[in-house]
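> Sequence and predicted model, in that order:
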Amino acid sequence: MKKKIAVIAALSLVAVTVLSGCGSKADSQANGGKVKIRFASWDNAEDLDKQQALVDQFNASHDDIEVALEAYGSEYDTKISAGMGSGDTPDVLYMWDYPSYYEGLEPLDSYIEKEGADYKNNFYDALWPYNSKGDSVYGIPVGFTTHALFYNKDIFAQAGVAEPTNDWTWDDLMAAAKTITEKVDGVKGFSFQMKPDPYDYEMYLWSNGTAFVDQDGNLDGNLNSEKAIEAVSMFQNMEKDGYAIATEKNGTDEFRSGQTAMYIYGAWSIASFDEDGLNYGIVDIPAFAGAGHDSVSILSSSGVSISKDSKHKDAAWEFVKYWTGEEMNKARIGYELPALKSVVESEKILEDPANAPFYSMLEQSSGYTPASFIVDNWSELKDTLDLTFERVYNPSTMEDPAVVLNEAVSEMQ
């Protein structure tokens, strides 16, 4: 879930980086009485200079607080886990995996409440469940991407098929994919991942009126429901009928090379598609005709959190507000989709057709909570789902989705 994005050269959700060379607790008060706090970032090397400049800007405007930016690179998770285990976590840190780390984070509800209703309401509603655990908020949203349907304009023109629109259903997509496959040599109409990330895949069940689990964590009647079987079967049927392929990876390579006309993905590849001069468009994910509501997307969302161990939580909150505020949202537009409604409006973000679908999917995906935030055994469930999808979508097996989903539920009980 950590990749690069659209408007966007590199989403903060993506490569994990944090601080090296942390000072001791005795060093937390420095420079003539300033409170010194540590900020763990996960951005890659090319973005660290940008982040340091933004941290320097905060330090220059605050006489009482000094923030030290630290970077752990690809060892982010390992070092954050070690820090939580030893009580030496940085005061402020990027976060996305709240189910794994929330016990080491400070609940932020009281801080948010003190800022007034307008503060929280300026963030898109759909972002809050992804920065929470249970009834508590543990992070303030920073960056995100939803998923949307990418399509190759040249291939659609060659096939004489009308381009997708935001009100497409899956029936429309399948009809277009079939025609394209029949009319354009060497091209499949659609692709999806043979072994998709279960976290991402749940959005298709949501779109069809079900989920992996209910709010109590029950699999039975959800993962193996009629609606779930219908969604899983739809992709398999496209593969069986020959107008879709199940890809080893996420489908970006096949789309970029013109082997496929459509695929669904986050905003991470937009910058590279633009660099390649690819003639493409983006629209909302198609809806299930019988679902009675718009399609829904999973979110890949990052936030900024405060360590439960921090001895300077008020100072940390001041920096969190700065880092997630309007000025910083604007400063990061080159590599993040803004999380604040006011910035999206003032900077006319939605006027860019490459951005608009990700926000429309964000708006219509409010109220959904991934199973990974609900169940305590997500790692075990994910392993089961990995095998389930491979059994269903691997061309050498193509097992019955109803049988496989029921077996998955039985295995987990």
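Everything's here; your move.
> Tell me the backbone dihedrals of the residue nearest the centre of the chain, please.
Residue closest to the mean C-alpha point of the chain, counted by CA atoms, centre = their mean, is Ser300 at 0.8 Å. Comment: the main-chain dihedrals of Ser300 come out as phi -100, psi 110, following degrees, to the nearest 10.
> Asp214 too?
Main-chain dihedrals, Asp214, degrees, to the nearest 10: phi -90, psi -180.
> residues contacting it?
Remark: with contacts taken as CB atoms under 8 Å, 6 or more residues apart in numbering, Asp214 is in contact with 221-222. The way it works is simple: take the backbone N, C-alpha and C, and place the C-beta from them, glycine included.
> let's see it at 7 Å
Under the criterion of CB atoms under 7 Å, 6 or more residues apart in numbering, the contact list for Asp214 reads Asn222.
> measure it to Gln413 for me?
The spacing between Asp214 and Gln413, counted by CB to CB, to the nearest Å, is 14 Å.
> next one: Ser379
Taking CB to CB as the measure, Ser379 falls 17 Å from Gln413.
> Same question for Thr89.
Distance from Thr89 to Gln413, counting by CB to CB: 36 Å.
> Between those two, point out the one with more neighbours.
Residue environment comparison for Thr89 versus Gln413 gives the larger neighbour count to Thr89, 27 against 8, counting by other CB atoms under 10 Å.
> residues in contact with the more buried one?
When contacts are taken as CB under 7 Å, 6+ apart, Thr89 is in contact with 80, 83, 104, 307, 309.
> Kindly recompute the last result at 8 Å.
Contact partners of Thr89, counting by CB under 8 Å, 6+ apart, are 40, 80, 83, 104, 307-310.
> do His312 as well
Applying CB under 8 Å, 6+ apart to His312 gives the contacts 28, 35-37, 91.
> doesn't Met238 make contact with Met174?
Yes. At 6.2 Å, Met174 counts as touching Met238 under the criterion of CB atoms under 8 Å.
> list residues touching both of those two?
Common neighbours of Met174 and Met238 are listed as Phe190 (criterion: CB under 8 Å, 6+ apart).
> count of residues packed around the closest residue to Glu115 other than its chain neighbours?
Counting by CB to CB, 6 or more residues apart in numbering, Glu115 lies nearest to Lys321, which is 7.6 Å off, once chain neighbours are set aside. Neighbour count of Lys321, defined by other CB under 10 Å: 15.
> One more: the one 3 residues further on?
If you count neighbours by other CB under 10 Å, Thr324 ends up with 20.
> and what of Asn394?
The tally of other residues near Asn394 (other CB under 10 Å) stands at 14.
> ok, now how distant is the nearest residue to it once chain neighbours are set aside from Leu223?
Excluding the flanking residues, the one nearest Asn394 by CB to CB, 6+ apart is Met194, at 6.0 Å. Distance of Met194 to Leu223, given as CB to CB: 19 Å.
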